[in-house]
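J.: here is my input, please return the structure:
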Amino acid sequence: MDLSQPIEKLRFSGPRNISRLKHLGINTLRNLLWHFPVRYEDYTKFTSIADLQAGEKVSIQGEIVKIDVRRIFPRRLTIIEAIVRDETGGIRATWFNQPFIATSLPEGTMVSLAGKVQLDKRGLYLSSPAFEKMKDELVHTQGLVPIYPETEGVTSKYIRFLIKPLLEKLSVPDPLPETIKEKYQFPELKEALISIHHPSSLEEAEKAKKRLAFDDLLLFQIKALLERRKMNQLKSISISFNQELIQSFISTLPFELTKDQKIAAWEIFKDLEKSYPMNRLLEGDVGSGKTVVALMAALEVAQAGYQAVFMAPTEILAHQHFETISTLTKHLDLDIGLLTSSAASHNRVAVKKAEVKQLIESGHVKILIGTHAVIQKDVKFKNLALVVIDEQHRFGVAQRAALAKHRTDLVPHLLSMTATPIPRTLALTIYGDLDISIIKEKPKNRQKVMTRVIPPSQRGEAYQFIKEEVKKGRQVFVVCPRIEIGEQKENESKGPQKKMSLIWADVKAVEEEYMKLSEEIFPDLKVKMLHGKMKPQEKQEIMHFFKEGWTDILVSTSVIEVGVDIPNATVMAIESAERFGLAQLHQFRGRIGRSEHQSHCLLFTTSSERTINQRLKALVDYDDGFILAEKDLALRGPGEFFGTGQSGLPDLAMASLADVELIKKARLEARILLKEDSQLKKYPLLMERLGEFQKLTHFE
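T.: Numbers count the residues shown, from 1 in each chain. Below is the predicted model of the structure:
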């Protein structure tokens, strides 16, 4: 069977359905066979009609004794109603707008039906049940019936219809080495594919899932190990550890470094000494002090005569880093530059962008802070040795090479920073090609942020509390989730158009909240708003007013999620908090509690106290981002945790990221395979599959 055969060649795929199947990512036979069920409806037992109860999902068998078609004209509705009998009794079955059913199931037909039992004034009935004639092989109404990810016009029934004939003549080469299959008692690939689509028991389905998820995890681990090996063969600039410089710098800091910060810094210094590029992820909870650790590495690079660049995801954050780094290094003779799409500075003096670019090219600017503007074609570094990426997507060798245009033989060191804690085993999978440093400790003077859930009944009290905090001279963040766009509208728009509609949904949410707070609830307070449609200059100004204490309340989109530092802000009020993910809520909370004042996080919900969801409860109970990451993973599953669309990792492997043991097995076997045969020459099928896999997966 040629798995690369396009879906168009498949019988009954039909021109109307091709685009719909492609919408689900089904372009080839392989895609179709690897389009796995999300769950199974259990129709293993037939139920007698006399034993049926409302609310149950059941499978029954009987004879059609009566069937009628009724048309309701004003509503253009066609109702098909059948009476089905077995030896214990009879029941109604109803379908809507499917008149062909009446001719398909004439009176006297023996049928198998599966669906939900409902109750109305006339008694029990089956609403839109799946049906099959008893003379046919039962695929949709008997046994464990697979339910697949669907889209408009492509139902699970249709996908079962397409897959069933493929499974009957299935012939696929198995890339997994025999030794691994024997070691873990994995079924053959053909057997696993048949079992996952049509299992005889849930245990059999689980066994098949494990085997198929292991395949993808193994390929992912091999890919990560090969990337790491490739990185270790590249050349970079070796920067010797400068003990005197670092000790002198630490002595000038207005705070004491935590033990975790010292360990992370030492790991980075050791990496910089190597002649191949550092590839490290610095993972730290919000407010744990990652920036100062990265700055120490940048100072070493600058002192050795080379350049370092900090890349931030937003202009607000770039300006903040520029201010922080300039303040912490003011006693040093060091040229620091800022470059964003709308602004440029050199040693805290605003200059033209062209001037900063010239200073970068001549090597005068030793530490550059900026947004993606720093990787534009006309930005040339003289001798770049370190790239620090803050809260950004993956940044590969190609982008680093683009930054170091002048030297094709050297690749700069890379330090990625993230304030989204990732459980260790997941980090090993997702970031298998990176070394990881973790900062868990918070600075000593930080107080725990008091977190409360505010149901609608307590909203008035919460507003009064906010007023009292402002009276004390404190400031308040209010964060709004975007106003929901209709699902159809969201599906219709694609690419830039979709992005635009999402930004406008954010703007609308902020504007409505701003009007409510400034005019109705706090008319006597100074309220400002911040959203993505504002010009960079306008955003800077609003943040400046807020930082200087001239604004009491700042109403914002999630733009303030990452890195913004306002020590005087002590209240974080989050509207419709249940609509945000746990990691995002923890990020918002991390914006406060940065001074000696007690801070408060208020989670406004639209639901009553009794229905407060587990995510919000977890946020009240824990303030450790790593514990919350574990909880988030357990509550939402890995697909939601990472955002499956971003990962490129197949859904089944993504779902298995919570299976620590399976990840460990895949990592171990990847190491053994590459140690025995670094080119995988003994395993041509595995090598071929790896090639296909590398085209598809991209963790960004």
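J.: help me confirm that residue 62 is found in a strand?
T.: Yes: assessed with DSSP: H, G, I helix; E, B strand; the rest coil, residue 62 lies in a strand.
J.: do I have it right that it meets residue 83?
T.: No: using CB atoms under 8 Å, residue 62 makes no contact with residue 83, being 9.3 Å away. For every residue, glycine as well, the C-beta is placed using N, CA and C.
J.: how near is the nearest residue to residue 201 once chain neighbours are set aside to residue 199?
T.: Excluding the flanking residues, the one nearest residue 201 by CB to CB, 6 or more residues apart in numbering is residue 144, at 7.4 Å. Note on residue 144: its distance to residue 199, by CB to CB, to the nearest Å, is 5 Å.
J.: pLDDT at residue 420, what is it?
T.: Residue 420 is assigned a predicted lDDT (pLDDT) of 75.
J.: still on that earlier bit, between residue 62 and residue 83, who's got more neighbours?
T.: Regarding residue 62 and residue 83, a neighbour count based on other CB atoms under 10 Å identifies residue 62 as having more, with 25 against 17.
J.: hang on, the earlier thing: for the residue nearest to residue 201, give me its contacts.
T.: 40-44, 198-202, 205 (CB atoms under 8 Å, 6 or more residues apart in numbering).
J.: which single one of those residues is nearest to residue 123?
T.: Ranked by distance to residue 123 (CB to CB), those are led by residue 43 at 22.6 Å.
J.: what about that closest one, neighbour count?
T.: With neighbours defined by other CB under 10 Å, the count for residue 43 comes to 23.
J.: can I assume residue 235 sits in a strand?
T.: No: read with three-state DSSP, residue 235 is coil and lies in no strand.
J.: from here on, call the first residue 22.
T.: Let's use 22 as the start, then, which means that last one is residue 256.
J.: any stretches of this protein with poor pLDDT?
T.: 413-429, 445-446, 449-451, 503-527, 580-585, 629-633, 657-672, 674-676, 679, 717-721 (pLDDT under 70).
J.: what is the burial count for residue 711?
T.: By other CB under 10 Å, the residues close to residue 711 number 18.
J.: can you say which of the contacts of residue 165 are buried?
T.: Among those, the ones that count as buried by 16 or more other CB atoms under 10 Å are 61-62, 64, 219-220, 226.
J.: these two touch, right, residue 496 and residue 593?
T.: No: using CB under 8 Å, residue 496 is not in contact with residue 593, being 10.5 Å away.
J.: residue 284 - nearest residue in space that isn't next to it in sequence?
T.: residue 458 (7.3 Å).
J.: mind listing what's buried along the helix or strand encompassing the one you found?
T.: Using DSSP states H and E, the element containing residue 458 is strand 456-460. Neighbour-count burial for strand 456-460 flags 457-460 (criterion: 16+ other CB under 10 Å).
J.: now swap in stretch 531-542 and tell me
T.: Within stretch 531-542, the residues that count as buried by 16+ other CB under 10 Å are 531-532, 534-535, 538-539, 542.
J.: coming back round to it: and for residue 83 and residue 104, which residues touch both?
T.: residue 111.
J.: ok, the host helix or strand of residue 550: who's next to it in the sheet?
T.: For residue 550, the enclosing helix or strand under DSSP H and E is strand 548-551. Each strand paired with strand 548-551, and its direction, by DSSP bridges: strand 574-577 (parallel).
J.: which other residues reach the strand it pairs with?
T.: Strand 574-577 is contacted from outside by 487, 491, 496-501, 531, 534-535, 538, 543, 546-552, 563, 567, 581, 590, using CB under 8 Å, 6+ apart.
J.: that older thread, counting contacts, what elements does the helix or strand following the strand holding residue 458 pack onto?
T.: The element immediately downstream of strand 456-460 (helix or strand, assigned by DSSP H and E) is strand 471-475. In terms of contacts (3 or more CB pairs under 8 Å, 6 or more residues apart in numbering; DSSP states H and E), strand 471-475 is packed against strand 621-625, helix 635-642.
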